[in-house]
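J.: Here is a sequence with its predicted model. Questions after.
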Amino acid sequence: MLIAIAAILGGAEGWDDMGRYGKAEREWLRSFLALPHSIPSHDTFNRVFQVLDSAELEKHFLDWVSAIPQRT
């Protein structure tokens, strides 16, 4: 999820962009993420987002973003 969010913030507009972003930023991502199986493929991003409940994802994302100012 973090790779997808970072990719979107970096201008990604789809699964292919997310995969390319992850590969391009692999070393930076490895500095704070364990990536035992490397960067997920664009197909993996697609499959993961298809099984997620979008309403739940939106709720948790908004909760997370709202909590950021309180922690900084």
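T.: That came through fine.
J.: secondary structure class for Met18?
T.: helix (DSSP: H, G, I helix; E, B strand; the rest coil).
J.: That one: what's it in contact with?
T.: Applying CB atoms under 8 Å, 6 or more residues apart in numbering to Met18 gives the contacts 3-4, 7-8, 12, 42, 45. (Glycine included, C-beta is placed from N, CA and C.)
J.: Is there a quick ChimeraX command that grabs whichever of those residues are buried?
T.: In ChimeraX, a selection of the buried entries from these looks like this (16 or more other CB atoms under 10 Å):
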select :3,4,7,12,42,45
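J.: Identify the farthest-apart pair in the contacts of Met18.
T.: Maximum pairwise distance among those (CB to CB): 13.7 Å, between Ile8 and His42.
J.: how close does Val51 get to Phe45?
T.: 12 Å (CB to CB, to the nearest Å).
J.: Same check on Asp17?
T.: 9 Å.
J.: Poorly predicted segments of this structure, please.
T.: Scanning the chain for pLDDT under 70 picks out no residues.
J.: for it, which helix is longest?
T.: Identified as the longest helix of the chain according to DSSP state H is helix 54-71.
J.: Brilliant, that's me finished.
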